[in-house]
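J.: fold the following and give me the result.
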Amino acid sequence: MDFVKNGAFDGKRVFLTGHTGFKGSWLTLWLHSLGAKVTGYALKPPTDPNHFSVAGIESVLEQNHVADIRDEQQLNAAMRQANPDLVMHLAAQTVVRTGYEIPRETYDVNVIGTIGVLDAVRSLEKPCAALMVTSDKCYENVEQVWGYREEDALGEHDPYGGSKGAAEIAIRSYRHSFFPTEKLHDHGVRLASARAGNVIGGGDWTKHALIVDAFQALAADKPIEIRSPKALRPWQHVLQCLSGYMTLASKLLHSNDPEYCSGWNIGPMPGNELPVQEVVEHFIKCWGCGDFIDSSDPNQLPEANILRLCIDKAIWKLNWRPCWSTYESLNKTVEWYQAYLNDPTAMRSVSLAQIADYQNALQGDLTELSTATLHE
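T.: Residues are numbered from 1 along each chain as shown. This next block holds a predicted model:
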């Protein structure tokens, strides 16, 4: 992929919020391996254990700021100190069910936190690239069978999805008001957003996450409890998701084309949206043993039944392609967790090996990718 071949991040100063989280810690490690100088800004890791700690991510950082994204003074000072070429905003409350439990905090972190980062970028008063990560839950879900496109309506029925839709509106309004694309050569701030599908991979211990529940149940020799066996989601490996972010970020870094300053869907190839039960069955197959039980509750908190993303825009305008099928993503996830159970001190090398595996897969002819491996 271009960002690997052309050294897009080599020597670049990156200010990354949410670096202690699941996606953020993997992104930190990958950026560092490509020569970037990464400054992290986030709260302490949200779980124990966590990928940030077990993979020793702190040691690859230029600076590690442990602070709240809503702390305007600390955020502005940290960003000015980092003097970034690229800002990547991943810090967020990331769980749908948690949004029901703490709706006000979810909106505060996901919307006001995003606005804080945008204001900090403004305060730099210099050209830079800025990629704001939201979620595929930002769309108004009408249970349609086709994928949501970037121009579809924003907004959701639950606090988490609503907060992500509101964040997208804030990003759009800041771009129109302060970083208009028609004046890009004047201000030099190239602002985009990325909306990713359901991300899986080793090193995740997020509460209420399907793969985390599966790993913890099988490790304890217990059946996996699944809430919504027929729910369909756009599953993708964390490295696949991050490769989309990095492809877009590299375009923002090295081009003044206003076309890149917009919202982008980052998801799997069509056909990789599998029902929860099929995902769990393959996870068990990869693990080598185990079982599951249907623990659906008619009174459980509502979540969308069908969610698909259309990624045509990223494929044709970014020249980005998903590389691993959902099955391959599950294989790599099981591989990581079983390696962790075998030797938790080796996870830096295991994580770097999986990054290398993904980069090597990207060197193939991506135009031949299809969903055929879903039926292996």
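J.: for the chain, what's the longest strand?
T.: The residue-count maximum for a strand in the chain (DSSP state E) belongs to strand 189-196.
J.: which parts of stretch 91-100 are buried?
T.: A91, A92, Q93, T94, V95, V96, T98, G99 (16 or more other C-beta atoms under 10 Å). For every residue, glycine as well, the C-beta is placed using N, CA and C.
J.: for that stretch, C-alpha coordinates in CSV please.
T.: What follows is stretch 91-100, C-alpha atoms only, in CSV (Å, rounded to 0.1, in the frame of the first residue of the first chain):
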residue,chain,number,x,y,z
ALA,A,91,-10.3,9.2,22.0
ALA,A,92,-13.9,8.4,22.7
GLN,A,93,-16.5,6.5,24.7
THR,A,94,-16.7,3.5,22.3
VAL,A,95,-19.5,1.2,23.5
VAL,A,96,-23.2,1.2,22.6
ARG,A,97,-24.4,-0.3,25.8
THR,A,98,-22.2,2.0,27.9
GLY,A,99,-23.9,4.9,26.1
TYR,A,100,-27.2,3.8,27.7
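J.: quick one: distance of that stretch to the chain centre.
T.: Chain-centre distance of stretch 91-100: 13 Å, with C-alpha atoms, centre = their mean, to the nearest Å.
J.: average pLDDT for that stretch?
T.: For stretch 91-100, mean pLDDT is 90.
J.: which residues does that stretch contact?
T.: 17-18, 21, 24, 41-43, 69, 102, 105-106, 109-110, 113, 117, 133, 135, 137, 158-161, 163, 206-209, 301, 303 (C-beta atoms under 8 Å, 6 or more residues apart in numbering).
J.: and the two most separated of the buried residues of stretch 91-100?
T.: Using C-beta to C-beta, these span at most 17.4 Å, a distance reached by A91 and V96.
J.: where does pLDDT dip in the stretch 51-200 of the chain?
T.: Along the stretch 51-200 of the chain, the model assigns pLDDT under 70 to no residue.
J.: again, only using 80
T.: 143, 145, 156, 197 (pLDDT under 80).
J.: and the helices in it?
T.: Listed from the start of the chain, the stretch 51-200 of the chain has helices (DSSP state H, counting those that start in this stretch) covering 51-54, 72-82, 96-101, 103-107, 113-124, 159-177, 184-187.
J.: tell me which of those helices lies nearest to L274.
T.: Using C-beta to C-beta, the nearest of the helices of the stretch 51-200 of the chain to L274 is helix 96-101, at 18.2 Å.
J.: report pLDDT for H32.
T.: 98.
J.: neighbours of it, how many?
T.: Look at H32: counted by other C-beta atoms under 10 Å, it has 19 neighbours.
J.: contacts only, for it.
T.: Taking C-beta under 8 Å, 6+ apart, one finds V38, V60, L61 in contact with H32.
J.: wait, a helix at the first one?
T.: Translated: V38. No: secondary structure assignment places V38 outside any helix; it is strand (DSSP: H, G, I helix; E, B strand; the rest coil).
J.: helices and strands around the longest strand of the chain, which ones?
T.: Judged by 3 or more C-beta pairs under 8 Å, 6 or more residues apart in numbering; DSSP states H and E, the packing partners of strand 189-196 are helix 113-124, strand 128-133, helix 159-177, helix 238-254, strand 263-266.
J.: with mean neighbour count and distance to N342 as extra columns, can I get the ones you listed in CSV?
T.: Output for the helices and strands packed on strand 189-196, formatted as CSV (neighbours: other C-beta atoms under 10 Å; distance: least, C-beta to C-beta, whole Å):
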stretch, mean neighbour count, distance to N342
helix 113-124, 21, 37
strand 128-133, 25, 32
helix 159-177, 21, 35
helix 238-254, 25, 20
strand 263-266, 24, 32
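J.: so which of these comes closest to F292?
T.: Across the helices and strands packed on strand 189-196, closest to F292 is helix 238-254 (C-beta to C-beta), at 22.8 Å.
J.: and that closest one, average pLDDT?
T.: 97.
J.: now stretch 296-304
T.: For stretch 296-304, the per-residue pLDDT averages 65.
J.: tell me the angle the longest strand of the chain makes with helix 159-177.
T.: 160 degrees (axes from the mean of the first three to the mean of the last three C-alpha atoms, to 10 degrees).
J.: strand 189-196 pairs with which strands, and in what direction?
T.: strand 128-133 (parallel), strand 263-266 (parallel) (DSSP bridges).
J.: save these as a markdown table, and put in distance to K222 too.
T.: Compiled in a markdown table, those are given as follows (distance: least, C-beta to C-beta, whole Å):
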| stretch | distance to K222 |
| --- | --- |
| strand 128-133 | 33 |
| strand 263-266 | 33 |
